[in-house]
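Participant: sequence and predicted model, in that order:
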Amino acid sequence: MSPTRPARLYAPVPSSGRARLWERLRELHGAVAPVELDPGVPAWLLLGYHENLTVLQNPHLFSRDTRHWREVTEGRVDLAASRPALSWRPNALYADGPEHTRLRAPVADALARLDLSATARTARRIADDLIDAFVTTGRADLIGDFAAPLPVLVVNHLYGLPDSYGHMLGDLTAVVFGADARRGEAAVARVHQYFAGLVSRKRGRPGADLVSWMMEHPSRLSDHELAHAAALIDNASHQPTTHLIGNTLRTLLTDARIRTAHADARLSVQDLLDHVMWTDTPFQVLPARIALQDVRIGTCDVRAGDALLIGFEAAHLDPAVRSSGGGRAHLMFGAGPHACPARSLARTIAATAVAAVHERLGGLRLAVAPRELRLTPSPFLRGLAELPVAFTPGEPVLPAADPPEPRADEHADLLSRLLSWWRRGA
């Protein structure tokens, strides 16, 4: 890497990850380094733990609204055509100040109403159902067969929908983040239909679910805003939780010291999750905060309109905190007013998943050498593309069947029509 050329975050991710890149950038630039998100699209990457924390905790200096980004205001980046993580949506993630408060409050208050014990039971029922599909074979991909579908199925249940809709949403989301751009564009439209249809159905038939609770909130979100709020809960809960589960299972399969401590109850599942969030965080990089004024960070002069990327993995590797870091001071769930309100939900799903695998898959071991495990190509997420394992074949536990979905002609709303379309292609 040339010391004068920004690091290309769009370049392929090495099989060993990017820890060496962060170390090299720290040697060259200190706590903040110039990078390129895409060819010709510059940004700053925050490498220092304290620098990351400062940006996260000062929204009056660093905005989450990507419409302030100079690359956008000067016409070099079209937010509508940019990466999903860099776009703009009418939800709390991209808002600041009073508008952020208005959009966030219904989401946070609805999540706070969840009975986490009941949610854990739901997550275990779904986890057992997923394991039942492969438990007799003695082999599985614990990402594709388990960790990827589990979070979206749980969140779909919290929306008050049968599992069939969750399987559909999971399939559509996988296409959105897949390599086929043409199929991905069509899947984005279908995902929008899912959330629009979800809100429309709940308007007519509210229940004890996240969307209905958000509808009751004094903020009085529009249906358009509600659909984006529901999508935000899914986006925040899905892939990060998938990779928290996957990275935790990989740690147990490859680190004998951690595996023994957990098996001997010297390391609780919650402490295990915190360890993984420190050492193998599901986020490498989180886009983006936009500087609202000229400011000096580290040795860099950041100009108003510049994009700053939150460097989770690099921050956790910062020598300034590496020796003293630990516990729950990791940045996995952010900090400041944009801190993730779904952290308890994510922890519940991940802890339940790890327990289900531990209890149901005896003799669990990697089916390939650890060096053969491949990371996802995402510049933002850090997790495995697959986690092939072998285990002693077992028996299904036959969980309760999903309630039958009414026939399409009984309530031919948008959501039912979408499900019928998906079933025809499934």
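Facilitator: Looks like it arrived, so ask away. Keep in mind it's a predicted model, so treat the numbers as computed, not measured.
Participant: identify each buried residue in stretch 349-367, please.
Facilitator: Using 16 or more other C-beta atoms under 10 Å as the test for burial, stretch 349-367 gives I349, A350, A351, T352, A353, V354, A356, V357, R360, L361, L364, L366. C-beta here means a position set from N, CA and C on the backbone, and glycine is covered the same way.
Participant: apologies, that question was intended for stretch 190-209.
Facilitator: 190-191, 193-202, 209.
Participant: mean confidence for stretch 365-384?
Facilitator: Mean pLDDT, stretch 365-384: 92.
Participant: report the buried residues of that stretch.
Facilitator: For stretch 365-384, by 16+ other C-beta under 10 Å, it's L366, L373, L375, T376, S378, P379, F380, L381, R382, G383, L384.
Participant: can you list the buried residues in whichever helix or strand T260 is part of?
Facilitator: According to DSSP states H and E, T260 maps onto helix 256-263. By neighbour count on 16+ other C-beta under 10 Å, the buried set for helix 256-263 is I258, A261, H262.
Participant: now, which of those sits nearest A315?
Facilitator: Nearest to A315 among the buried residues of helix 256-263, counting by C-beta to C-beta, is I258 at 21.6 Å.
Participant: per-residue confidence at the closest one?
Facilitator: Reported pLDDT for I258: 94.
Participant: for it, give me its contacts.
Facilitator: T251, L252, L267, L272, H275 (C-beta atoms under 8 Å, 6 or more residues apart in numbering).
Participant: pull out the buried members of those residues.
Facilitator: Counted by 16+ other C-beta under 10 Å, the contacts of I258 give T251, L252, L267, L272, H275 as buried.
Participant: next, L37: secondary structure please.
Facilitator: Following DSSP: H, G, I helix; E, B strand; the rest coil, the label given to L37 is strand.
Participant: can you read off the pLDDT for the closest residue to it other than its chain neighbours?
Facilitator: Spatial nearest neighbour of L37, excluding adjacent residues (C-beta to C-beta, 6 or more residues apart in numbering): A43 at 5.2 Å. Looking at A43, its pLDDT reads 95.
Participant: same check, this time on H411
Facilitator: For H411, the predicted pLDDT is 57.
Participant: can you check A85 too?
Facilitator: A85 is given a pLDDT of 69.
Participant: same check, this time on the one 4 residues further on
Facilitator: According to the predicted model, the pLDDT of R89 comes to 89.
Participant: show the contacting residues for I131.
Facilitator: F146, A356, V357, R360, L361.
Participant: after the helix or strand harbouring it comes which helix or strand?
Facilitator: Assigned by DSSP H and E, I131 belongs to helix 116-132. Heading C-terminal from helix 116-132, the first helix or strand you meet, by DSSP H and E, is strand 139-141.
Participant: show me what that next one is packed up against.
Facilitator: If you count contacts as 3 or more C-beta pairs under 8 Å, 6 or more residues apart in numbering; DSSP states H and E, strand 139-141 packs onto strand 388-390.
Participant: centre of the chain versus the strand it packs on, how much separation?
Facilitator: 24 Å (C-alpha atoms, centre = their mean, to the nearest Å).
Participant: any idea of the mean pLDDT for the helix or strand following that strand?
Facilitator: As assigned by DSSP H and E, the chain's next helix or strand after strand 388-390 is helix 414-425. Here helix 414-425 scores 89 as its mean pLDDT.
Participant: buried ones in helix 414-425, by neighbour count?
Facilitator: For helix 414-425, by 16+ other C-beta under 10 Å, it's L415, S416, L418, L419, W422.
Participant: in helices only, show me the buried ones among the contacts of I258.
Facilitator: T251, L252, L272, H275 (DSSP state H).
Participant: isn't the second one right next to R259, touching?
Facilitator: If I follow you right, that is L252. Yes: if you go by C-beta atoms under 8 Å, L252 and R259 touch, sitting 5.0 Å apart.
Participant: one step back: check which residues of the helix holding I131 are buried.
Facilitator: Result for helix 116-132 [16+ other C-beta under 10 Å]: buried residues 119-120, 122-132.
Participant: tell me which stretches of this structure form strands.
Facilitator: Counting by DSSP state E, one finds strands in the chain at the ranges 7-8, 32-38, 41-46, 62-63, 139-141, 286-291, 295-297, 300-302, 307-310, 365-366, 388-390.
Participant: want to throw those strands into TSV with distance to L103?
Facilitator: As requested, the strands of the chain are exported to TSV (distance: least, C-beta to C-beta, whole Å):
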stretch	distance to L103
strand 7-8	34
strand 32-38	25
strand 41-46	25
strand 62-63	14
strand 139-141	37
strand 286-291	17
strand 295-297	26
strand 300-302	27
strand 307-310	20
strand 365-366	43
strand 388-390	41
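Participant: and these, which is most packed in?
Facilitator: Highest mean neighbour count of these: strand 307-310, a mean of 26 (counted as mean count of other C-beta atoms under 10 Å).
Participant: export only the CA atoms of it, formatted as PDB.
Facilitator: Backbone C-alpha positions of strand 307-310 (Å, rounded to 0.1, in the frame of the first residue of the first chain) are rendered in PDB as follows:
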ATOM      1  CA  ALA A 307     -17.400  11.600   5.700                       C
ATOM      2  CA  LEU A 308     -16.000   9.800   8.700                       C
ATOM      3  CA  LEU A 309     -16.300   6.100   9.000                       C
ATOM      4  CA  ILE A 310     -16.600   4.500  12.400                       C
END
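Participant: which residues touch that strand?
Facilitator: Against strand 307-310 from outside (C-beta under 8 Å, 6+ apart): 9, 32, 35, 37, 42-46, 52, 55-56, 62, 66, 69-71, 283, 285-291, 297, 302, 331, 334.
Participant: mind doing that once more with 6 Å?
Facilitator: 43-46, 52, 55, 69, 285-290 (C-beta atoms under 6 Å, 6 or more residues apart in numbering).
Participant: what strands flank it, and is each parallel or antiparallel?
Facilitator: strand 41-46 (parallel), strand 286-291 (antiparallel) (DSSP bridges).
Participant: Y94 reaches L79, doesn't it?
Facilitator: No: between Y94 and L79 there is no contact under C-beta atoms under 6 Å: 9.7 Å.
Participant: overlap in contacts, the two.
Facilitator: W88.
Participant: neighbour count for these two, which is higher?
Facilitator: Neighbour totals were compared for Y94 and L79, and Y94 leads with 21 against 16 (other C-beta atoms under 10 Å).
Participant: pLDDT score for that one?
Facilitator: Value for Y94, per-residue pLDDT: 93.
Participant: what does the one 5 residues further on give?
Facilitator: Per-residue confidence (pLDDT) for E99: 96.
Participant: that one: how many residues sit nearby?
Facilitator: E99: 13 neighbours (other C-beta under 10 Å).
Participant: all set, thanks.
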